[in-house]
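J.: could you work out the structure for the sequence below:
(chains A, B and C)
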Amino acid sequence: MSFLDDFHPTQLKLTVESPTFWRVTFDNPPINVIGLEMMRELKELLTELEHNDTVNVVVFDSADPDFYIAHYDVEVDNDAAEALPTTTGYTAWVDITVRMSKLNAVTIAAIRGNTRGAGSELVLAMDMRFASLEKAKLAQVEIALKAVTGGGASGRLPSLVGRGRTMEILLGGEDFDGALAERYGYVNRAIPDAEFEDFVNAFARRVSGWDHQAIVEIKAFIDKYTRLPDAEYPLHSDAYWAGVSRPEVAGIVGRLLDNGMQQRGPLEYDLGRQIATIAQEEA
Amino acid sequence: MSFLDDFHPTQLKLTVESPTFWRVTFDNPPINVIGLEMMRELKELLTELEHNDTVNVVVFDSADPDFYIAHYDVEVDNDAAEALPTTTGYTAWVDITVRMSKLNAVTIAAIRGNTRGAGSELVLAMDMRFASLEKAKLAQVEIALKAVTGGGASGRLPSLVGRGRTMEILLGGEDFDGALAERYGYVNRAIPDAEFEDFVNAFARRVSGWDHQAIVEIKAFIDKYTRLPDAEYPLHSDAYWAGVSRPEVAGIVGRLLDNGMQQRGPLEYDLGRQIATIAQEEA
Amino acid sequence: MSFLDDFHPTQLKLTVESPTFWRVTFDNPPINVIGLEMMRELKELLTELEHNDTVNVVVFDSADPDFYIAHYDVEVDNDAAEALPTTTGYTAWVDITVRMSKLNAVTIAAIRGNTRGAGSELVLAMDMRFASLEKAKLAQVEIALKAVTGGGASGRLPSLVGRGRTMEILLGGEDFDGALAERYGYVNRAIPDAEFEDFVNAFARRVSGWDHQAIVEIKAFIDKYTRLPDAEYPLHSDAYWAGVSRPEVAGIVGRLLDNGMQQRGPLEYDLGRQIATIAQEEA
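T.: Prediction:
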């Protein structure tokens, strides 16, 4: 398998549990932000999975029990990000989320730790989400940066949690723990942390044993009834960038960085609450 | 602000918690029915909110802990109601629910007490619904009057509770308490009554501090994926009026009034059960 | 009523609880598979209900507390099944599920016992589903036979449980007990078994007393917003038959039959688990 020989990611770890079951582990210390290199590696992985007819299931987990994906790297070099290869022609992040939502393999988010902003959007683009009851925390905090969600949360949440709860998640910008995320349908299920890995692995192993073609056909029917047209998602991205490009947003981001954003510390642990305080003081 | 100077409602109480956070309190004793004057006042409020670019969030609560909105006033003067100003051209009640579902401000139903019929439809037209765990009770009882719901419940419930539970709510006509309403998605969350006001106020205060334009844009995307075309709703209204205009319905309404409907007493407290008994005895 | 005089089913039992409330009890020992005769009887019943303007509600329950509908009869004579009368022109099973989803009467699945494969699809085609908390078990196991669900589960689940949970149900193929089925929305509610019959009967009796025309109109609006076009469902059926007709599937079915499939015994009680073991050993 030449892909496995050639793929040497530094912020993802790829484990071949079996020919039909891959595990991708986010590992970008200190808190797993999605930056340039992680996007480059995700795109490389997606390109392989788009052409791979063997892998049935991919579990996405994290090497850090406290941070699944913290959020987008607010200091990313945007020009470099947009210069990364794209197969959809969409902006860097939308290219990733749209492609993630269309793979033949079954994609499973195994969520333990904080998963906010683009992290939440990445798991929403996967086929299903299991969360650690005690350790998962999800949020879409973009409203604190005066922006809509840029990677599709407003397009994907309605088919999971319905209209009213989508409104609350996106307009409140608050943290959802595992139990509440399950009650809302934001994740499929919250599993007690002690059983979490066994549960996810057993489910993935089961799926890994099915017929690949049947998986592809089942996903195609579900997609037909539940996935928006791809062309919706660039609209979200355009609106996001227009929002965060407003001059006053730089001030909010600056204050967040001064207070510990992107570092392993109290602000990132409690971002759902702190981002509102700081954004609203700055306003 | 000339609106605030000129708006002197008698069945609503408007509290300006801050320039970006308004509270509207239903206060039409004895049980908060929606009659001519309340519709007039709601329309005036809606017209203001449609042109107001400052208010971020409006909480709708009730002055009466037992009755949020009991239901439509079954003795309303229909000709007078239809003579009230309308901007949609739809019938009086549909004009209100359709416009409520399209405001720029975030609308939050803070539901404590009985909320049936048009009361349930009004909260369904809002962006989100929080309910008192012990004190909220919701129902669509129109089927007892041989009618479909006239203000859009069959159009709005599916995107909240799904097909099967919409069937149950509308075809059963039964009361849903806070806990069951949350399990179904009929409300976002049921909150223990002791914490209810603090919870809603904290959420609203948070939303009141966000950027107004970001709120508008987020709502626009969610609406695009979850709101039916306005033109569906007059169809509901036409069917409702055709149903309740059948001659035998007058007999049911007469018996309900004889037994205490629209008064503060046992029939209204237990309407979900009693309306079936009376309607089916009359049939 | 000439239908009642002429209808003498042997695998269904029809009980006229009242002129407006019918009960249909599945009774095809040993485990209530859906075979040729049950399909013939269901089609006859559907034809009557399509022309009956009196019956308000039909409860479908089972004579066997352990098996509601086990699944499709894997040994059915397909040519004979397709020779049964059809009003839609679709294949035998799709003809039944599509017609079941469009009746004027309210259809209620009272689920106690195992309900897998076509059994799950039949209850998904009904208007609402109540489950025994302790005794219900639902699953779509078709993926073990290398096939999509042939009777519409991938078209009906999304409007009940959302995209992510539909993925899990269809791609996992696992058993869902009553509690989990309720958390997901797979059933409306799970009711403790001791109260189950009373609950369902009280609900059905209530619906049986409503105005028939109002029921029809309410269902029409809900259908308009939640039912896929009928023409989707033959696509599922074609894909199902293509899947199970692959030569290696005969081997899986053979091993399942050798191990007790279609008999009252350990394999059928625990089919959700056992079908994966056997299918994946065979593969």
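J.: assign the residue sitting nearest the centre point of chain A to helix, strand or coil.
T.: Nearest to the mean C-alpha position of chain A, by Cα atoms, centre = their mean, lies residue A:122 at 1.9 Å. Following DSSP: H, G, I helix; E, B strand; the rest coil, the label given to residue A:122 is helix.
J.: give me every residue that touches it.
T.: Contacts for residue A:122 were tallied using Cβ atoms under 8 Å, 6 or more residues apart in numbering or on different chains; they are A:34, A:60, A:69, A:96, A:97, A:100, A:109, A:151. Every residue, glycine included, has its C-beta placed from N, CA and C.
J.: report all helices and strands that the strand or helix carrying the fifth one contacts.
T.: When you say that, I think you mean residue A:97. Using DSSP states H and E, the secondary-structure element containing residue A:97 is helix A:92-100. Applying 3 or more Cβ pairs under 8 Å, 6 or more residues apart in numbering or on different chains; DSSP states H and E, we find helix A:92-100 packed against helix A:36-51, helix A:78-82, helix A:118-125, helix A:232-244.
J.: most tightly packed of those helices?
T.: Most buried of the helices and strands packed on helix A:92-100, by mean neighbour count (mean count of other Cβ atoms under 10 Å in any protein chain shown): helix A:118-125, with a mean of 28.
J.: what residues sit buried inside whichever helix or strand comes after it?
T.: Going down the chain from helix A:118-125, the next helix or strand is strand A:128-139, by DSSP H and E. Neighbour-count burial for strand A:128-139, with 16 or more other Cβ atoms under 10 Å in any protein chain shown as criterion, is recorded at A:128, A:129, A:130, A:131, A:132, A:133, A:135, A:136, A:137, A:138, A:139.
J.: partners of the third one in the sheet?
T.: Going back to what we said before, that points to residue A:130. Beta bridges link residue A:130 to residue A:110, residue A:189, judged by DSSP bridges.
J.: that one reaches residue A:123, doesn't it?
T.: No. Taking Cβ atoms under 8 Å as the definition, residue A:130 is not a contact partner of residue A:123, at 9.8 Å.
J.: what touches both of those two?
T.: By Cβ under 8 Å, 6+ apart, residue A:130 and residue A:123 have these common neighbours: A:109, A:111, A:187.
J.: with distance to chain B as extra columns, can I get those in a markdown table?
T.: A markdown table is the format used below for the shared contacts of residue A:130 and residue A:123 (distance: Cβ to the nearest Cβ, whole Å):
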| residue | distance to chain B |
| --- | --- |
| A:109 | 21 |
| A:111 | 21 |
| A:187 | 15 |
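J.: and of those, the nearest to residue B:118?
T.: Nearest to residue B:118 among the shared contacts of residue A:130 and residue A:123: residue A:187, at 35.1 Å, using Cβ to Cβ.
J.: so which strand or helix has that closest one?
T.: Using DSSP H and E, residue A:187 sits in no helix or strand.
J.: before we move on, what about the one 10 residues further on?
T.: Residue A:197 is located in helix A:193-208, with elements delineated by DSSP H and E.
J.: as PDB, could you dump the C-alpha coordinates of the helix or strand just after that helix?
T.: Using DSSP H and E, the helix or strand that follows helix A:193-208 towards the C-terminus is helix A:212-226. Extracted in PDB, the C-alpha atoms of helix A:212-226 (Å, rounded to 0.1, in the frame of the first residue of the first chain):
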ATOM      1  CA  HIS A 212     -17.900  -2.500   1.700                       C
ATOM      2  CA  GLN A 213     -20.300  -2.100  -1.100                       C
ATOM      3  CA  ALA A 214     -23.300  -2.300   1.200                       C
ATOM      4  CA  ILE A 215     -21.900   0.400   3.400                       C
ATOM      5  CA  VAL A 216     -21.400   2.700   0.300                       C
ATOM      6  CA  GLU A 217     -25.000   2.100  -0.800                       C
ATOM      7  CA  ILE A 218     -26.500   2.600   2.600                       C
ATOM      8  CA  LYS A 219     -24.600   5.900   3.100                       C
ATOM      9  CA  ALA A 220     -25.700   7.000  -0.400                       C
ATOM     10  CA  PHE A 221     -29.400   6.700   0.500                       C
ATOM     11  CA  ILE A 222     -29.000   8.500   3.900                       C
ATOM     12  CA  ASP A 223     -27.000  11.200   2.200                       C
ATOM     13  CA  LYS A 224     -29.700  11.700  -0.400                       C
ATOM     14  CA  TYR A 225     -32.300  12.500   2.300                       C
ATOM     15  CA  THR A 226     -30.100  14.400   4.800                       C
END
